[in-house]
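Student: Everything below, folded, please.
(one chain, ligands or ions: 2)
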Amino acid sequence: MARAKILYQCQSCGYASPKWLGKCPDCGEWNSFAEEESVSKLVPQNRADPVALPDIAPSTGTRHSTEIKELDRALGGGVVLGSVVLIGGDPGIGKSTLILQALKGLTKMGKVLYVSGEESPEQVKMRADRLGIMSDKIILLPETSLEGIISVAHEINPQVIVVDSIQTIFSLELSSAPGSVSQIRECATKLMFMAKKHGKPLFLIGHVTKDGAIAGPKVLEHIVDTVLYFEGDKGSSFRILRAVKNRFGAANEIGVFEMTEAGLKEVDNPSKLFLSEMPVNVPGSIVTVSIEGTRPLLVEIQALVTTSSFGVPRRTALGVDYNRLNLLIAVLDKRIGMHLGGMDVFVNVVGGLRIDEPAIDMGVIASIASSLKNRAVETGTFTFGEVGLSGEIRGINQAEARLKEAAKLGFKKGIVPASNANRKDNEGIEVIGIKNVEEALEILFF
Ligand code: TYD
Ligand code: MG
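Tutor: Ligands and ions are numbered 1, 2, ... in the order given. Okay, the predicted model is just below:
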């Protein structure tokens, strides 16, 4: 009989090696290797028949609404039958609450199996009571063994399966601990096969490690069809559900929620919300327009520039990329002669939003300049545009959608890239085209 092969696997990315390693050559994580049994027990499936592309029947009506508009939006328009959705996020951010609220809509499809590996049935019931969700179609299963879950699923034949959380589930066929790479991969794969075979949607809840990756393997992200991240400041009640991967819709689409006494509430007009507490006539604050997925969002960027009391000045970037902030500070220094060498610079995107788009460069630059000069930007003004290393402003995509959103919220004046400024219809906004940072700051502050 062949001996069971011992493999060492990185618990962060799944990299396997026959020897123990101190540092993972793949993801660079230190001390992440653990002993795992190697398995290759995938049962060969019946072979599939090849089909010519035009002969494939179009699938119709395969999307189902969760009756939570913002969740449907992040999913790309509803849940697709046979799709596997991973919802990740920090503990306590509201993953279980969201999925429980979504079940209310999903019970329209039929029975839902809610596998709870973390909370007791009483705890789930208490929460459901509080959220006003009571349905005999929601079947709770306090089970953590994969084999148990699959056997119950075959017995009651649910239309939707929810596993909260995938890290607690383990397969009896593997000796490694629940939460280890091989367990998570094995369980997720088996559950996925089941979901795909029967054409039922499967939701997996996953925890996130302190550096923001879904705990355990990145491999999980490859297995599933859709990855939704639940983000937000613990201190604030806003929550953003972001689609980082979606085989059935636009990636980076976001849904915005507010955590209230009665669970998560959808936010219909996030721009309005993000600007609701915007100070008037205060230096260091400016509005910019970002596109998240297909939706334009107005956000306030705040900067605070103060004299540094240490040898090395501090740069703090909240919601914007740290390296991008340093780059923009260097542009201000070299091209405009705004010396920030002895200054601490703090930049924050209000509302706990994270924006990775270069279109907000102008917002960051303008807020820093505004704080340094101690001059407020005229109320009703916004700016967007990518800033290049020589201080030039580059045009950006979807300028029209951005202008429309700004007009909807009553903004009057836009400082935008010159190449985006020459359209016929400007939605009633005074649009000023700029070619470089110097021009922009001239218009904003003089
Ligand atoms: P939960 O869904 O348990 O988080 P996760 O599953 O991501 O770990 O969310 C728990 C938090 O949400 C907890 O801090 C309490 C808060 N909460 C509310 O504020 N209102 C509510 O109606 C509910 C159910 C939870
Ligand atoms: Mg939970």
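
Student: Not counting sequence-adjacent ones, nearest residue to Lys404?
Tutor: For Lys404, the nearest residue in space outside its immediate sequence neighbours is Glu427; the separation is 5.5 Å by C-beta to C-beta, 6 or more residues apart in numbering. C-beta coordinates here come from the backbone N, C-alpha and C atoms, glycine included.

Student: List the residues that contact the one you found.
Tutor: Neighbour list for Glu427: 403-404, 406-407 [criterion: C-beta atoms under 8 Å, 6 or more residues apart in numbering].

Student: Please apply the same query to Leu241.
Tutor: Here Leu241 is in contact with 70-71, 74, 87, 98, 228-231, 254-257 (C-beta under 8 Å, 6+ apart).

Student: in its sheet, what does the host helix or strand of it sit against?
Tutor: Using DSSP states H and E, Leu241 maps to strand 238-246. If you go by DSSP bridges, strand 238-246 pairs up with strand 226-231 (antiparallel), strand 254-260 (antiparallel).

Student: so which of the ones you listed comes closest to Lys197?
Tutor: Minimum separation from Lys197 across those (C-beta to C-beta) falls at strand 226-231, 18.4 Å.

Student: which residues sit against that closest one?
Tutor: Strand 226-231 is contacted by residues 74-76, 83-90, 93-95, 98, 208, 214, 221, 239-249, 352, 354 when judged by C-beta under 8 Å, 6+ apart.

Student: who's in contact with the residue in the stretch 101-250 of the chain that ligand 1 sits nearest to?
Tutor: Using C-beta to the nearest ligand atom, Arg127 is the residue of the stretch 101-250 of the chain that sits closest to ligand 1, at 5.0 Å. With C-beta under 8 Å, 6+ apart as the criterion, the residues that contact Arg127 are 96-97, 100, 119.

Student: helix or strand for Leu191, which one?
Tutor: Here Leu191 is covered by helix 181-198, with elements defined by DSSP H and E.

Student: hmm, the helix or strand just after that helix in reach of ligand 1?
Tutor: Where DSSP H and E defines the elements, the next helix or strand beyond helix 181-198 is strand 202-207. No - using C-beta under 6 Å from any ligand atom, strand 202-207 stays clear of ligand 1, with a minimum separation of 6.7 Å.

Student: what about the helix or strand just after strand 202-207, average pLDDT?
Tutor: Of the helices and strands lying after strand 202-207 in sequence (DSSP H and E), the nearest is helix 219-223. With pLDDT averaged residue by residue, helix 219-223 scores 83.

Student: Name the helix or strand of this structure that has the lowest mean pLDDT.
Tutor: Of all the helices and strands that make up the chain, strand 33-37 has the lowest average by mean pLDDT, DSSP states H and E, namely a mean of 81.

Student: Quick check: the farthest pair among the contacts of Leu241?
Tutor: Using C-beta to C-beta, these reach their maximum pairwise distance at Ile87 and Val256, which is 15.5 Å.

Student: Which positions in the least confident helix or strand of the chain come out as buried?
Tutor: Neighbour counts using 16 or more other C-beta atoms under 10 Å place 33-34, 36 of strand 33-37 among the buried residues.

Student: what lines up beside the helix or strand following it in the sheet?
Tutor: Towards the C-terminus, the helix or strand next in line after strand 33-37, according to DSSP H and E, is strand 63-64. Using DSSP bridges, the neighbouring strands of strand 63-64 in the sheet come out as strand 79-80 (antiparallel).

Student: quick one, the next helix or strand after the strand it pairs with and strand 226-231 angle?
Tutor: Using DSSP H and E, the helix or strand that directly follows strand 79-80 along the chain is strand 84-89. Here strand 84-89 points in a direction 10 degrees away from that of strand 226-231 (axes from the mean of the first three to the mean of the last three C-alpha atoms, to 10 degrees).

Student: May I have the residues that are in contact with the residue nearest the centre of the chain?
Tutor: Here the mean C-alpha position of the chain is nearest to the C-alpha of Arg242 (C-alpha atoms, centre = their mean), at a distance of 3.0 Å. If you count contacts by C-beta under 8 Å, 6+ apart, Arg242 has them with 74, 228-229, 231, 252-254, 292.

Student: Apply 7 Å and report the result again.
Tutor: Under the criterion of C-beta atoms under 7 Å, 6 or more residues apart in numbering, the contact partners of Arg242 comprise 228-229, 231, 252, 254.

Student: In the stretch 151-300 of the chain, what residue comes closest to ligand 1?
Tutor: Taking C-beta to the nearest ligand atom, the stretch 151-300 of the chain has Gly263 as its residue nearest ligand 1, at 4.0 Å.

Student: so that residue sits right up against Gly132, yeah?
Tutor: No - here Gly263 does not reach Gly132: they are 8.3 Å apart, not a contact under C-beta atoms under 7 Å.

Student: ok, the two, which is more surrounded?
Tutor: For Gly263 versus Gly132, the count of surrounding residues by other C-beta atoms under 10 Å is larger for Gly263: 18 against 10.

Student: partner residues bridging the more buried one?
Tutor: When Gly263 is checked against DSSP bridges, its beta-bridge partners turn out to be Thr260.

Student: Arg127 versus that one, what's the distance?
Tutor: As defined by C-beta to C-beta, to the nearest Å, Gly263 lies at a distance of 9 Å from Arg127.

Student: Need the overlap of contacts for these two.
Tutor: In contact with both Gly263 and Arg127: Thr97, using C-beta under 7 Å, 6+ apart.

Student: on that earlier part again, can you give me every residue that contacts the residue of the stretch 151-300 of the chain closest to ligand 1?
Tutor: Gly263 touches 97, 101, 131, counting by C-beta under 7 Å, 6+ apart.

Student: measure it to Ile139 for me?
Tutor: Spatial separation of Gly263 from Ile139 under the definition C-beta to C-beta is 21 Å.

Student: the domain parsing of this structure - what is it?
Tutor: As assigned by automatic domain parsing, the chain contains the domains 3-40, 63-268, 273-445.

Student: which stretch in the ones you listed has the least confidence?
Tutor: When the domains of the chain are compared by mean pLDDT, domain 3-40 comes last with a mean of 82.

Student: Around ligand 1, which positions in the stretch 51-200 of the chain sit nearby?
Tutor: 89, 91-97, 127, 130-131.

Student: swap the cut-off to 5 Å and go again
Tutor: Listed as neighbours of ligand 1 in the stretch 51-200 of the chain under the rule C-beta under 5 Å from any ligand atom: 91-97, 127.

Student: Can you tell me which of those residues is closest to Gly385?
Tutor: Proximity of these to Gly385, judged by C-beta to C-beta, is greatest for Ile93, which lies at 32.8 Å.

Student: Report the separation between the closest one and Glu67.
Tutor: Here the criterion is C-beta to C-beta. By it, Ile93 lies 21 Å from Glu67.

Student: Just name the closest of the contacts of Arg127 to Asn436, please.
Tutor: Of all the contacts of Arg127, the one with the least separation from Asn436 (C-beta to C-beta) is Thr97, at 47.6 Å.

Student: my read: the closest one touches Leu264, true?
Tutor: Yes - Thr97 lies in contact with Leu264 (C-beta under 7 Å); the separation is 5.8 Å.
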